[in-house]
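Trainee: next one to model:
(chains A and B)
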Amino acid sequence: MIDDVRAEVRAWLATTWDPNRSLVEWRGMLVDAGWAAPDWPEAFHGRNLPPAAVRAVSEELAAAGAIGAAQAGVRALAAATLLEHGNDDQKRRFLRGVLTGEDAWCQLFSEPGSGSDLAGATTRAERRGNQWIVNGQKVWNTSAHHANYGLLLARTDWDLPKHEGLSYFVIEMHQPGVEVRQLKQMNGHASFNEVFFTDAVVKPENLIGSEGGGWSVAVTTLAHERSGFARSREAREDGGRAGRIYDEYRQEVAVANEPYSWYPQRAGRVDLVIERAKETGAIHDPAIRQEIARLLILDQSAQWYAARFREAQKARRTRGAEGSISKLAASQIARLASDVHTAISGIDAMLTGPDSPHGGIIAEILVSVPAVSIAGGTDEIQRNILAERLLDMPKEARFDTGPFRDIKRN
Amino acid sequence: MEFAFSAEQEQFRDILARFLKDKSPPRAVRRLMATAEGFDADVWRQACGEMGLAGLHLPEAYGGAGYGPVELGIAMEEQGRTLFCAPFLASAVMAGYAVLLAGSEDQRHALLPGIADGSTIATVAICERAGLWSESDITVAATRAGDGWQLDGRKRFVVDGQTADQLIVAARSAAGVSLFIVDARADGVHRSAANVMDPTRKLADIDFDAAPAQLLGIEGQAPLDRIFDAVLVSFANEIVGGAQAMLDSAVEYTKLRVQFGRTIASFQAIKHRLADLLVDVELAKAAAYQAAQQLADGDSATASASLAKAAASEVYMRAARECIQLHGGIGFTWENDTHLWFKRAKSSEVFLGTPGEHRERMLQAMGV
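Mentor: Next up, the predicted model:
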């Protein structure tokens, strides 16, 4: 069956693939032919193919040099969420634009007052006449300044318990009631946005799932976000091929990757440690050698742990919380790496910019590492998860039951 | 490289774990640690007979079961978990690997079957001062005497040196460092038990005074590093078993202990400490398991052996310390069992090289 799929894709590519088409035109053809998302249902651009066949399709596309469906950014999360919770009308309206890349998406969950406690959102959506009116503020929204659709979690009932009063919407970002402002981080980059809603409008047909059922929809989005967190977020940029479609694709990838340029630095850049120690002569300092070795041991052990976890996942022998072990290990590695880089650079660690160590990369490590233990679930939340799910220790006492209106909040 | 245990390996682990749970509960450990020999000869016979434990990693041609470092690692991990008192590390692992890696074909056939079935208890006498098995530390002198050799000098920290029948001794001749086989009961071998902090692991000092010896393998070519790597990998697996036992014990106790009207496991301060410990224990286990895989694959295991020893022994110490802390006052008593593992953790931290020495050895093996 896989061979049939391969043959069919190959034959189709032979007659259609042309690098001088526009990216959108090409992806439209890909969608119409059912090759953009072959695992999706037949009713929505797919062919209902199993994972092995999907891999075969990707391989055939890559072998021909053909560009696949748009994947970068939040759009993949939007698609996964809509496929699971959207109605047919919503799938019809939104999924095609996800695959062609014509629409860009952002996620509107976190708020200044609710980070780890996402279900404590206070951005409100109220029904006025035949539409929803949204007021409030979201934060940490990647690429919101490029997006035309947002995945919005908002409170629609303040008298229900907090998880039950939330609803999930698709909001159009280009409207007067939505203001997007870039948020500058301590490392100088601005990878995220704040989004302010002032009587912003959501059409009633853009409620995803049921009114009050928003939390379970958000959980789906978050689950896909977490499983993607393990994979590299960075789309790959194909080097140097000629043709209009490649130019457009390179542009798309550059825009998608721009917010993540400092992500390798926030992980600590263990890969640079030995090179830097040789450059500076710190490699001969026994005390620094010990710290380097500690770091390499931690990093290698975490890689081995992750490889074993992936094997266990394949064999379905996990308890589902092991990702938190890798997440906490990543925090330890990043912190230790930043200490080791500091020890190696010595007083030069006071400097920043292109003339500072390693063209400014070391400075960027030192001021980016604090993000690792916060983003994607703080270390403290990961520790709760491990204690409660892997060590079966008691759950935290709750002080947030009863009507949301009465719960203490920021 | 494999990143998972096979179903057969997991099954072996379960069977061995049941055996050890039955034969090596803390009260048995306490009884045996108070004896001079430090192990129960009947249980040792059963372990080697029914379970084939001592020959697990030795080839079938020499009476072993023909498994490799991964299965040996499982066996060591489970023994470390229960502090099984037996001459396994000394005889099966250290002497077994020494004979396998250094001995001639005839010598393997002569020595390994007895080691594999547990009827011979052998050990290695390599350390003198430092814990790392480096040739430069070896001063015991080997001189030719008639058809054989004689040894003069002093070895220290010989595991189960008091009870061993055969000693594999590293000594120096004009050609360099070689390994020798010495009958532990021969004239000229004077053994004295060391006063050890960890009484579950017996050590002896051994003086050689014109002791008769037989060359093991080739003169001047003792493969100390290869033996050391194999021993370290299996030792690291023993260590992570102990660390896991300390984590399990701490978690279990905090769920029982009530203070201020709630189990102390419900305090976030304690949940977070144990979650952090879980991370460290899991990473050290991954290191110990993959070092064993690398050895099994026949790759150079020096860097990963030292990596695993450094990682595992530090985590064991930390786990033991946390376990006492989370037990509170009772954890500092003789009656509570935690100190048995704490002392094993301390001896494992420094035996066969400290974590600091292994970090340096790892870097050098990596060419850094």
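
Trainee: okay, and for the chain, where does confidence drop off?
Mentor: Using chain A. Regions of chain A meeting the criterion pLDDT under 70 cover residues A:228-239.

Trainee: and the helices in it?
Mentor: A:2-16, A:23-33, A:51-64, A:75-85, A:88-100, A:214-230, A:244-257, A:263-266, A:273-280, A:286-314, A:323-345, A:361-368, A:379-385 (DSSP state H).

Trainee: again with chain B
Mentor: B:7-23, B:26-33, B:41-49, B:69-82, B:96-102, B:105-117, B:224-256, B:268-296, B:302-327, B:338-350, B:355-365.

Trainee: could these go into CSV alongside mean neighbour count, distance to B:Ala90 and mean pLDDT?
Mentor: Where C-beta positions appear, they are placed from N, C-alpha and C, glycine not excepted. Shown next, in CSV, are the helices of chain B (neighbours: other CB atoms under 10 Å in any protein chain shown; distance: least, CB to CB, whole Å; pLDDT from 0 to 100):
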stretch, mean neighbour count, distance to B:Ala90, mean pLDDT
helix B:7-23, 15, 18, 97
helix B:26-33, 16, 15, 98
helix B:41-49, 17, 12, 96
helix B:69-82, 25, 12, 98
helix B:96-102, 26, 9, 98
helix B:105-117, 18, 10, 98
helix B:224-256, 24, 10, 98
helix B:268-296, 24, 19, 98
helix B:302-327, 26, 17, 98
helix B:338-350, 21, 13, 98
helix B:355-365, 21, 21, 98
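
Trainee: which stretch among these comes nearest A:Ile361?
Mentor: Nearest to A:Ile361 among the helices of chain B is helix B:355-365 (22.9 Å), distances taken as CB to CB.

Trainee: in the chain, spot the strand with the most residues.
Mentor: I'll assume chain A. Taking DSSP state E as the criterion, chain A has its longest strand at strand A:192-202.

Trainee: chain B was what I was after
Mentor: strand B:203-216.

Trainee: buried residues in it, which are they?
Mentor: Buried residues in strand B:203-216, counted by 16 or more other CB atoms under 10 Å in any protein chain shown: B:Leu203, B:Ala204, B:Asp205, B:Ile206, B:Asp207, B:Phe208, B:Ala211, B:Pro212, B:Ala213, B:Leu215, B:Leu216.

Trainee: which strand residues bridge the fourth one?
Mentor: Here B:Ile206 sits in beta bridges with B:Lys155, B:Arg191, as judged by DSSP bridges.

Trainee: might one say that it is in contact with B:Leu167?
Mentor: Yes: here B:Ile206 reaches B:Leu167: they are 7.0 Å apart, a contact under CB atoms under 8 Å.

Trainee: identify the residue nearest B:Val196 in space, chain neighbours excluded?
Mentor: Leaving aside its sequence neighbours, B:Val196 sits nearest to B:Leu203 (CB to CB, 6 or more residues apart in numbering or on different chains; 5.3 Å).

Trainee: measure the one you found to chain A for me?
Mentor: Going from B:Leu203 to chain A by CB to the nearest CB, to the nearest Å gives 27 Å.

Trainee: what residues are up against that residue?
Mentor: Under the criterion of CB atoms under 8 Å, 6 or more residues apart in numbering or on different chains, the contact partners of B:Leu203 comprise B:Arg156, B:Phe157, B:Val158, B:Val159, B:Gly161, B:Ala193, B:Ala194, B:Val196.

Trainee: next, A:Asn87: phi, psi?
Mentor: phi -90, psi 170 (degrees, to the nearest 10).

Trainee: now residue 96: closest residue in space that isn't a chain neighbour?
Mentor: I went with chain A, as the question did not name one. In space, A:Arg96 is closest to A:Val31, 5.9 Å off (CB to CB, 6+ apart).

Trainee: to clarify, I was referring to chain B.
Mentor: Of all residues not flanking B:Gly96 in the chain, B:Ile115 sits nearest, at 5.2 Å (CB to CB, 6+ apart).

Trainee: same check, this time on A:Pro403
Mentor: Nearest one to A:Pro403, counting by CB to CB, 6+ apart, is A:Asp159 at 4.9 Å.

Trainee: for that neighbour, grab the count of nearby residues.
Mentor: The number of residues packed near A:Asp159 is 11, by other CB atoms under 10 Å in any protein chain shown.

Trainee: quick check: it vs A:Leu118, distance?
Mentor: Distance, A:Asp159 to A:Leu118, using CB to CB, to the nearest Å: 20 Å.

Trainee: same question for B:Ala54.
Mentor: 56 Å.

Trainee: more neighbours: which of those two?
Mentor: A direct count of neighbours by other CB under 10 Å for B:Ala54 and A:Leu118 places B:Ala54 higher, at 30 against 17.

Trainee: pull the number of nearby residues for the nearest residue to that one once chain neighbours are set aside.
Mentor: Among residues not flanking B:Ala54 along the chain, B:Ala92 sits closest, at 4.0 Å (CB to CB, 6+ apart). Other residues near B:Ala92 number 29, with proximity taken as other CB under 10 Å.

Trainee: before we move on, the earlier item: okay if I get the helices of chain A as a markdown table plus mean neighbour count?
Mentor: Shown next, in a markdown table, are these (neighbours: other CB atoms under 10 Å in any protein chain shown):
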| stretch | mean neighbour count |
| --- | --- |
| helix A:2-16 | 14 |
| helix A:23-33 | 18 |
| helix A:51-64 | 16 |
| helix A:75-85 | 21 |
| helix A:88-100 | 18 |
| helix A:214-230 | 18 |
| helix A:244-257 | 17 |
| helix A:263-266 | 20 |
| helix A:273-280 | 18 |
| helix A:286-314 | 19 |
| helix A:323-345 | 22 |
| helix A:361-368 | 23 |
| helix A:379-385 | 20 |
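
Trainee: reformat those into JSON lines and put distance to B:Leu247 next to each item.
Mentor: Output for the helices of chain A, formatted as JSON lines (distance: least, CB to CB, whole Å):
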{"stretch": "helix A:2-16", "distance to B:Leu247": "45"}
{"stretch": "helix A:23-33", "distance to B:Leu247": "51"}
{"stretch": "helix A:51-64", "distance to B:Leu247": "36"}
{"stretch": "helix A:75-85", "distance to B:Leu247": "36"}
{"stretch": "helix A:88-100", "distance to B:Leu247": "45"}
{"stretch": "helix A:214-230", "distance to B:Leu247": "25"}
{"stretch": "helix A:244-257", "distance to B:Leu247": "40"}
{"stretch": "helix A:263-266", "distance to B:Leu247": "30"}
{"stretch": "helix A:273-280", "distance to B:Leu247": "30"}
{"stretch": "helix A:286-314", "distance to B:Leu247": "15"}
{"stretch": "helix A:323-345", "distance to B:Leu247": "13"}
{"stretch": "helix A:361-368", "distance to B:Leu247": "32"}
{"stretch": "helix A:379-385", "distance to B:Leu247": "14"}
